[in-house]
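Asks: Based on what follows, work out the 3D shape:
(4 chains)
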Number of protein chains: 2
Amino acid sequence: MLSRTYAVSQPEQTAVRRLGSLARLSETDLRKIADAAADARYFPGRTEIVREGAEPARPTLLLRGWVAHQRILPDGRRQIVGFTLAGELFGRSWSCQDCALTSQVALDNVVLCTAPEAEPGSGLSLAYEKERLAHRLQLIDNVTRLGRMDARERVCDLLLELLERLQRSGEAEGNTFAMPLTQECFADALGLTPVHLNRTLQACRRSGDLSWRSGRVTLHDPAALARNLGRKRNRLQRDTG
Amino acid sequence: MLSRTYAVSQPEQTAVRRLGSLARLSETDLRKIADAAADARYFPGRTEIVREGAEPARPTLLLRGWVAHQRILPDGRRQIVGFTLAGELFGRSWSCQDCALTSQVALDNVVLCTAPEAEPGSGLSLAYEKERLAHRLQLIDNVTRLGRMDARERVCDLLLELLERLQRSGEAEGNTFAMPLTQECFADALGLTPVHLNRTLQACRRSGDLSWRSGRVTLHDPAALARNLGRKRNRLQRDTG
DNA sequence: CGATCGATTGAAGGCTCTCAACCGTTGTGG
DNA sequence: CCACAACGGTTGAGAGCCTTCAATCGATCG
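Replies: Predicted structure coming up:
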């Protein structure tokens, strides 16, 4: 039976699935998340949520939508350093000098709330720690991608990462997921031009690796792709016990 | 007057300068570092200190030399994800699933020791926190470098980063520092081939940006380079107070 | 002196970029 | 209802950055 409090809508549903896949959450943890989610903020697509170097980046829970973390070079070139997907945590507060290292931009309609404080030793605290590990892993993967992969490999590798993350938070249907990114954004994340990304996507479609139509992406054989790219799966196990 | 214990040699000297530039260290902190440094381990160049995914990566203080953090793709391509320089901390232990995300390789003769535990709230604890912030910043800079800069910009940007870090720990003389990296290593960090890196370096020398002879690098106008590349300086202030 | 390693050079090719135009959809206003 | 603008996706041609493959050179070392 559903608790009456959460019966109408559960904006924190995705976050609970995601964090719950990283650690066992207690009733207290779940209540904290629900309370935090009750005080949500909304941002339309293309809004700058936090500007690089300006404000402190408070720990934030993304309830719905995608956020990009980006840098702009003096001449206007843009590099998207990483993404935060619905259910994930971003904006770690450092005990010192906590100003954002990147600008944070809403990619579609976004709902977020302040991340609740976690009791030391709680499941929530462990989940936060794993979120930070995951974030670091994504940065390292991104460096490898940009430094040593060609366009086709970059496309497949990033889509694989996105699929794995969305599967964990229950936002994928099999090997298919909703892709809110424009090709221009995707290109800025991969260090490519939109034109070349477009041609690369066509090559991937022709070779049967993926399909990308009307905002939905399907990877036809993720396991084979991961093998070819040297991607290790399941690097974020939930602690047993 | 020098303490008798440390009169002969001070292997922890560089680490103390580096950490002391990040936070005010107490006498207790200094003693802990010296004690840890007394139990040092040595690795010759090209030794693999930790293999990716294998052992846990314990927090380690690098007393002398340089360490590279790298990934190897299935077909043998190598990407150096980042460096640790003498005096710096590496190998954060995660409260969960603490296996190394990258392989760690000694680039020259390396001396390291287990990082001492920091009392909560101590200067050393703050310095560790700042080290982690610095490490994250370097990863983000690296993504931007590889994604959106051409070869000449990558070379200058990375050399600038190295110069700033070495200046902080007192390992640079003005705008000159000792560069233990082979061009092949440097190329693997920049996502370039050794051949193209070599030609790019020659172009940089001809245009007067830098000189690199017999293992010593000089940047002739770091401020101007940083301005052109959009590098913000002094992002790691020591807290005043 | 031969071997080894890193740095250097040359030539050719390819992956990716730039510039520009065109297409299809969506939304808006007359 | 249609014209129009705006936006994202697509296509073509040409140029350029970077890679690949080889060979040479210089220094160090046994």
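
Asks: for chain A, what spans make up the strands?
Replies: Using DSSP state E, the strands of chain A run over residues A:41-43, A:48-50, A:60-64, A:67-72, A:78-84, A:89-90, A:103-106, A:110-114, A:176-178, A:210-213, A:216-219.

Asks: Out of those strands, the one nearest B:Tyr42 is which?
Replies: strand A:78-84 (36.4 Å; Cβ to Cβ). C-betas here are computed from N, CA, C, even on glycine.

Asks: before we move on, the earlier item: can you list the strands of chain A in a markdown table and add distance to DNA strand D?
Replies: Formatted as a markdown table, the strands of chain A follow (distance: least, Cβ to the nearest atom of the strand, whole Å):
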| stretch | distance to DNA strand D |
| --- | --- |
| strand A:41-43 | 16 |
| strand A:48-50 | 15 |
| strand A:60-64 | 20 |
| strand A:67-72 | 13 |
| strand A:78-84 | 13 |
| strand A:89-90 | 23 |
| strand A:103-106 | 13 |
| strand A:110-114 | 16 |
| strand A:176-178 | 13 |
| strand A:210-213 | 8 |
| strand A:216-219 | 11 |
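
Asks: and of these, who's closest to B:Thr84?
Replies: Nearest of the strands of chain A (Cβ to Cβ): strand A:78-84, 21.0 Å.

Asks: That closest one and DNA strand C, are they touching?
Replies: No: figure legend: strand A:78-84 not in contact with DNA strand C (Cβ under 7 Å from any atom of the strand); closest approach 11.3 Å.

Asks: Contacts made by stretch A:134-147 with the rest, please.
Replies: A:22, A:81-82, A:88, A:90, A:92, A:153-154, A:157-158, A:161, A:190-191, A:231, A:235-236, B:71, B:73, B:79, B:81-82, B:101-102, B:136, B:139-140, B:142-143, B:146-147, B:190-191 (Cβ atoms under 8 Å, 6 or more residues apart in numbering or on different chains).

Asks: Quick check on those: which are buried?
Replies: A:22, A:81-82, A:88, A:90, A:92, A:153-154, A:157-158, A:161, A:190-191, A:231, A:236, B:71, B:79, B:81-82, B:101-102, B:136, B:139-140, B:142-143, B:146-147, B:190-191 (16 or more other Cβ atoms under 10 Å in any protein chain shown).

Asks: from what I can see A:Leu30 touches A:Val16, true?
Replies: Yes: A:Leu30 lies in contact with A:Val16 (Cβ atoms under 8 Å); the separation is 6.5 Å.

Asks: count of neighbours near A:Pro26?
Replies: If you look again at residue A:26, you'll see it is Ser, not Pro. 13 (other Cβ atoms under 10 Å in any protein chain shown).

Asks: For stretch A:177-188, which outside residues touch it?
Replies: A:65-66, A:68, A:70, A:78-80, A:107-108, A:158, A:162-163, A:166, A:171, A:189, A:193-194, A:196-198, A:201, A:212, A:215-217.

Asks: Need the mean per-residue confidence for that stretch.
Replies: Taken as a whole, stretch A:177-188 has an average pLDDT of 98.

Asks: just how off-centre is that stretch within its chain?
Replies: Put simply, stretch A:177-188 sits 13 Å off its chain's centre (Cα atoms, centre = their mean, to the nearest Å).

Asks: Can you dump the C-alpha atoms of it in PDB for me?
Replies: C-alpha atoms of stretch A:177-188 as PDB (Å, rounded to 0.1, in the frame of the first residue of the first chain):
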ATOM      1  CA  PHE A 177      16.600   5.300 -24.200                       C
ATOM      2  CA  ALA A 178      15.300   8.800 -24.700                       C
ATOM      3  CA  MET A 179      18.000  11.200 -25.900                       C
ATOM      4  CA  PRO A 180      17.200  14.800 -25.200                       C
ATOM      5  CA  LEU A 181      20.600  16.000 -26.700                       C
ATOM      6  CA  THR A 182      20.800  17.900 -29.900                       C
ATOM      7  CA  GLN A 183      23.600  16.700 -32.200                       C
ATOM      8  CA  GLU A 184      25.400  19.900 -31.600                       C
ATOM      9  CA  CYS A 185      25.500  19.200 -27.800                       C
ATOM     10  CA  PHE A 186      26.600  15.700 -28.400                       C
ATOM     11  CA  ALA A 187      29.400  16.900 -30.700                       C
ATOM     12  CA  ASP A 188      30.600  19.300 -28.000                       C
END
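
Asks: what's the distance between A:Glu131 and DNA strand D?
Replies: 29 Å (Cβ to the nearest atom of the strand, to the nearest Å).

Asks: now do A:Glu119
Replies: On the measure of Cβ to the nearest atom of the strand, A:Glu119 and DNA strand D end up 43 Å apart.

Asks: for that residue, what are its contacts?
Replies: A:28, A:125.

Asks: A:His69 now?
Replies: A:His69 touches A:80-84, A:90, A:102-105, counting by Cβ under 8 Å, 6+ apart.

Asks: Of the contacts of stretch A:134-147, which belong to helices?
Replies: A:22, A:153-154, A:157-158, A:161, A:190, B:136, B:139-140, B:142-143, B:146-147, B:190 (DSSP state H).

Asks: between the residues you listed, which is closest to DNA strand D?
Replies: Among the ones in helices among the contacts of stretch A:134-147, B:Leu190 lies closest to DNA strand D (Cβ to the nearest atom of the strand), at 8.5 Å.
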